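A.B. asks: need the 3D shape of this:
(4 chains, ligands or ions: 4)
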Amino acid sequence: MPYPTPETQREMLRTMQTIRRFEERASDDYHAGDIYGVVHCYIGEEAVATGICAALNDDDQIISTHRGHGHCIAKGANLDRMMAELYGREDGYCKGKGGSMHIADFDIGMLGANGIVAGGISIVTGAGLAAQLEGSDRVAVSFFGDGASNAGPFHESLNIAAKWKLPMLYVCENNLHSAQTPASRTLAHEDVAARAAGYGIPGVIVDGNDVFAVYEAASNAVARARAGEGPTLIECKTYRWRKHTERPNQPDQRTQEEIDIWMKRDPIARLVDHLKSQQGQFSDEEWDAMDAAVLKSIEASVVYAKASPFPAPEAALDDLYAD
Amino acid sequence: MPYPTPETQREMLRTMQTIRRFEERASDDYHAGDIYGVVHCYIGEEAVATGICAALNDDDQIISTHRGHGHCIAKGANLDRMMAELYGREDGYCKGKGGSMHIADFDIGMLGANGIVAGGISIVTGAGLAAQLEGSDRVAVSFFGDGASNAGPFHESLNIAAKWKLPMLYVCENNLHSAQTPASRTLAHEDVAARAAGYGIPGVIVDGNDVFAVYEAASNAVARARAGEGPTLIECKTYRWRKHTERPNQPDQRTQEEIDIWMKRDPIARLVDHLKSQQGQFSDEEWDAMDAAVLKSIEASVVYAKASPFPAPEAALDDLYAD
Amino acid sequence: MREITFAQAAMEALVEEMERDPKIFHMSTDAPDALVEKFGESRVRATPIAESALTGMAIGAASSGFRPIVDWRQVTFAFVAMDQIVNQAAKIHYMFGGQAQFPILYRASVGGGGRSAAQHSQSPYSMFMNMAGLKITLASTPYDVKGLLKSAIRDNNPVIAFESNRLAGLKGDVPQEDYTVPIGKAEVKREGTDITVVALAWQVQEALAAAETLAAEGVSVEVVDPRTLIPMDSETIRASVRKTGRLIVADEAGPTAGASAEIATLVTEDPDTFSCLKAPPKRICALQVPIPYSPVLEDHVFPDRTKIVAGVREVLGIG
Amino acid sequence: MREITFAQAAMEALVEEMERDPKIFHMSTDAPDALVEKFGESRVRATPIAESALTGMAIGAASSGFRPIVDWRQVTFAFVAMDQIVNQAAKIHYMFGGQAQFPILYRASVGGGGRSAAQHSQSPYSMFMNMAGLKITLASTPYDVKGLLKSAIRDNNPVIAFESNRLAGLKGDVPQEDYTVPIGKAEVKREGTDITVVALAWQVQEALAAAETLAAEGVSVEVVDPRTLIPMDSETIRASVRKTGRLIVADEAGPTAGASAEIATLVTEDPDTFSCLKAPPKRICALQVPIPYSPVLEDHVFPDRTKIVAGVREVLGIG
Ligand SMILES: Cc1ncc(C[n+]2csc(CCOP(=O)(O)OP(=O)(O)O)c2C)c(N)n1
Ligand SMILES: Cc1ncc(C[n+]2csc(CCOP(=O)(O)OP(=O)(O)O)c2C)c(N)n1
Ligand SMILES: [Mg+2]
Ligand SMILES: [Mg+2]
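C.D. replies: Ligands and ions are numbered 1, 2, ... in the order given. As a prediction, the model looks like this:
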């Protein structure tokens, strides 16, 4: 597969950098007390959401996890409304009811972050079923972690999707850890992708820190899904740089050595290097300008969030039922 | 692997015939109104329970399904107390509280039939963990259907057992149907055994109507488990002769053709033929005598059941808690 | 009007609604023949035994414009799907700030009487009442079940329709014409002046029989059927108790933290109704045990018309 | 005596019991460091995220002579294990005629206040009360949580210990010596004569604070802490209400079919207690919604000392 167009490559870089900058800021503001509860950062894994979503159409649908900012941004969510949600404000995506773990934007096919591990896998499989029932060529994508791949819903959903040839991508973000527990202690077979064989579907392993590799795997899987050939399981080997959550007392069992190895595989630096190495394609200035623009958009989102009022207390009683 | 000793072969035959005769009687008495609720017959699948349990020690443990009579009998359960339970009597295994779907005998390592599909798989995995924690060489066996293999607990339990190298046998009784739905419509890969690869454990397919094949697979898996090498998934291809349940209005989508093919593969007739074909090993008279003895024991169990009183109504309040 | 059974009435609701709205489809571990024949295997799906996945898939399909029906069959099978019910279906409309709709009908049989023992007999609706975000129906007649199922299917929220096993064969008048029974409206099934029996599902039939027996003794029993548990029509229940001054709640579930406790409390916590009470409220429920198999045990566990008659006499201090 | 936190007291119970009995082992999706260090990775297992399997494995291990502890962590994670709780753990002792024992401790955090939103904040204990076959504890102090956990671990039945998130940092006196708090015994946490507040978990602390405020106004509040929800010590609760004539139930769960409804009904359905009631019982509970994220919303949803004070005044008809 040839590389994506230079413009697409830049777009990918902008997306990845937006994810990173957004979370750096979210983390800061969390520690400053402006963002509440729990925040899980995706930093280090940006190439996965970016590479997958780059292969999707606007009306394709995805579902996310507790670590959802990257998926939201890659699918095109509005930064202002994301940040306002983190700030617990009225103009947040969920009017302040959801917070970091529950950002959704159904209008852009982002069916929600989900605080229950593996909780979204079957839901988005239902979106895939809807596409099939409609006869549309939409595909649906489930993002989930290595930890989630050990839970029942993974199995039930993949079996059904495979049997019914649903237009699905199952994207395992294997960051080698689930909270404090290393994947080496939870995965009976080190490759989640090995499970695909049991459902008679392709199981693909890619370098999750190589956005092009992810994009290629996604493109193939999307083509297969749109052709009515059914789901693909894509395992992206990647790593989170930060602790499981941003909580001040969050433990971390990982060795600095392991973290260092993976930080050297920075997906963003890799893409920058690639762009730069393609002579004349990308200058330091361009990169700086892109980053500055990204930072500006993040800053604007914070301004937006702060300007948005907190919901009225009584709003707690709204939205229990649809009309 | 050589054939089991002639005595063991006869024992296997006696077990299989006991299962069949027990259920023929249970079905009759159900239709006569002496047995209540729901009865699921195992007839046609006798070689599975028999072949597996023949490879076990007395203190090994098994768990069963809604279709549990065969497992009980193969593990050595008392026919009188089984029949009394079906009759809803005080001397039944569960004092009349359980009925056909819930016969258990913890003293012989039979951890219970279970009315929830896939409900027992994790429970018996806990028995395997207990064996490992104790340092005993006990193994634990989970029986379950093709239908159950599509449920979450199958996946969660196999992954854990494989990762922890628990001394387990997972025995899928693939009778090609789950209630009214053919396995061809529910299994993404026609072989349940194919799923073993995803857990890095052996997945073995055997002719479930050949008691020696089942026994051989079980013996290998038991040896592996006792050696601390972990679980094996054994898929036994078999067939139930009767409808899903004995209910009078029980629908059945299966074709007579399919049923006929499988009835020709009768596991009992096959073993009888084998015994007979080994010159001088088994005469018609011996077989008749064995069957007569089996029938006598079934008859005795009915006499026992009928002699046992119904529990007192107030006994409904007993056994809620252990002391 | 025609007489048809409760089960037939329920199936009619599904058929008529599926005819009306092509966005409705059906999933269950065995597909009902009556639906497959009419609508085909694509819209009426026999699924793997994976109720958790079905329950979740309904959510995703619903937010994509469909109106799924998932039949869990026995409610005890729905417990494998509880995360998708509690954490997902019930919460996500609210949690996402109301931005998407999830019109889903989940159906489940409850109750006992079939000698099916503990893992196939239970009436755990109060477990689903405690979480916020669902609507819950519990019909007592063929007429109501058809009308309630139609309302449930047309509702833009996840609705659980519980149906008592014992009612499946009950016959009753059901019009040919399209009609609905509103969610959230109780019905006084029999008027009376001495005591209110709020009865649920099968117990409505038992309470009506008890009322008939008691009428012969000159006792006038009012039978109120909530018909939906969430939202609960507390006003109709309270108005009845303000009139009669006495309350019995009859439920085939165990009492502990049950719908019966909720109904009793809705009555007693209302100052106007409390002041009308002439006697303590009484629950007539199943014994608080798993459901046993043997007929003599199972029959001892469940409430019935005899126990209701005795309970009414006790509350009235007669006989 | 020493002061330690609620969380420390709970951990002490586990450590001391595991030291005492080698048959106890621990499973959870992350293993608590304090236990791993003392007992090693074999007895203190970090598991895959498969709460359903863990919950079931505990059952099989228990019937094989072990005494497993499974920490579900947030109770919302336990819903994936609901089949193993409802259909298996709660039923199988009964269903199998009592032939085997299942000594299991399941632990779960409940409540809110952490801005963790709907999928990490819930107090659904009444869902577990409705099914028969479990014991359920709900402590309000460091002393009680340690003593109750020890009783739960020594009990030969499946016990669920719910622990309110908000109490984790609460400090209180805890003896060094071994002691237990019996399952099934309520405690009067403060004596009073004007009104009984039956409070659960965190609400006990809120009720005690409210009682202090009200004492200054001359209102004497009795605070009763059930401590275990199943079995419920209805006698202690009723005796208190017979004395005061008034009842408030304070619970951080929503009211509908909640423990609060059960407690209110246990009081009103008892003729002797009913006849002592001078006012309708009142529930002071969370609003019946999923728990929202934004602090202003979350704080509005939960009951607290201010709402209890206001509720007491209302029931007494003062202020
Ligand atoms: C059912 C359930 N169990 C436990 C948790 C607590 N929890 C939150 S995130 C997490 C680890 C998830 O690991 P993984 O799926 O690999 O995703 P990652 O965090 O690595 O992105 C756990 C155990 C939960 N949210 N849901
Ligand atoms: C969780 C659950 N869902 C549905 C059922 C209803 N049910 C009982 S047996 C059965 C089919 C089981 O098929 P399989 O596992 O292949 O076992 P078999 O009956 O073929 O032996 C079904 C759907 C159930 N008991 N439990
Ligand atoms: Mg991970
Ligand atoms: Mg089968």
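
A.B. asks: quick check: phi and psi at the residue in chain A that ligand 2 sits nearest to.
C.D. replies: When distances are taken as Cβ to the nearest ligand atom, chain A reaches nearest to ligand 2 at residue A:156, 11.1 Å away. All C-beta atoms are positioned from the backbone trio N, CA, C, and that covers glycine. With angles defined as degrees, to the nearest 10, residue A:156 sits at phi -60, psi -40.

A.B. asks: who touches it in this structure?
C.D. replies: A:122, B:150-152, B:155, C:48, C:50, C:52-53 (Cβ atoms under 8 Å, 6 or more residues apart in numbering or on different chains).

A.B. asks: one more time with 7 Å
C.D. replies: A:122, B:150-152, C:50, C:52-53 (Cβ atoms under 7 Å, 6 or more residues apart in numbering or on different chains).

A.B. asks: with residue A:195 instead?
C.D. replies: Contact analysis of residue A:195 by Cβ under 7 Å, 6+ apart lists A:203, A:233, B:198.

A.B. asks: distance of the residue of chain A closest to ligand 2 relative to residue C:128?
C.D. replies: 21 Å (Cβ to Cβ, to the nearest Å).

A.B. asks: so where do the strands sit in the stretch 201-319 of chain C?
C.D. replies: Along the stretch 201-319 of chain C, counting by DSSP state E, counting those that start in this stretch, strands occupy C:221-225, C:228-230, C:247-250, C:282-284.

A.B. asks: ok now the longest one, how far from the chain's centre?
C.D. replies: Translated: strand C:221-225. Computed by Cα atoms, centre = their mean, to the nearest Å, the chain-centroid distance of strand C:221-225 equals 16 Å.

A.B. asks: so of the contacts of residue A:195, which ones are in strands?
C.D. replies: A:203, A:233 (DSSP state E).

A.B. asks: let me know the closest of the contacts of residue A:195 to ligand 1.
C.D. replies: residue A:233 (14.8 Å).

A.B. asks: just to revisit the earlier point, please identify the most buried of the strands of the stretch 201-319 of chain C.
C.D. replies: strand C:247-250 (a mean of 28; mean count of other Cβ atoms under 10 Å in any protein chain shown).

A.B. asks: paired strands for that one, with orientation please.
C.D. replies: Its sheet considered, strand C:247-250 pairs with strand C:195-199 (parallel), strand C:282-284 (parallel) by DSSP bridges.

A.B. asks: contacts for that strand next, please.
C.D. replies: C:195-200, C:203, C:206-207, C:241, C:260, C:263-264, C:267, C:281-284, C:303, C:308, C:311-312, C:315.

A.B. asks: stretch C:77-84 close to ligand 1?
C.D. replies: No: shown here: stretch C:77-84 not in contact with ligand 1 (Cβ under 6 Å from any ligand atom), separated by at least 7.0 Å.

A.B. asks: ends of that stretch, how far apart?
C.D. replies: 13 Å (Cα to Cα, to the nearest Å).

A.B. asks: residue C:290 contacts residue D:130, doesn't it?
C.D. replies: No: if you go by Cβ atoms under 7 Å, residue C:290 and residue D:130 don't touch, sitting 11.9 Å apart.

A.B. asks: now the longest helix seen in chain A: mean pLDDT?
C.D. replies: Criterion DSSP state H: the longest helix present in chain A is helix A:6-31. Average pLDDT, helix A:6-31: 97.

A.B. asks: strands of the stretch 51-200 of chain A, start to end?
C.D. replies: Using DSSP E, counting those that start in this stretch, strands in the stretch 51-200 of chain A cover A:61-63, A:140-145, A:168-174, A:177-178, A:181-182.

A.B. asks: who's in contact with the third one?
C.D. replies: Going back to what we said before, that points to strand A:168-174. Counting by Cβ under 7 Å, 6+ apart, A:45, A:48, A:52, A:125, A:128, A:139-146, A:149, A:158, A:161, A:183, A:192, A:208, A:218, A:221-222, A:225, A:231-238 sit against strand A:168-174.

A.B. asks: can you tell me if that strand touches ligand 3.
C.D. replies: No: using Cβ under 5 Å from the ion, strand A:168-174 stays clear of ligand 3, coming no nearer than 6.5 Å.
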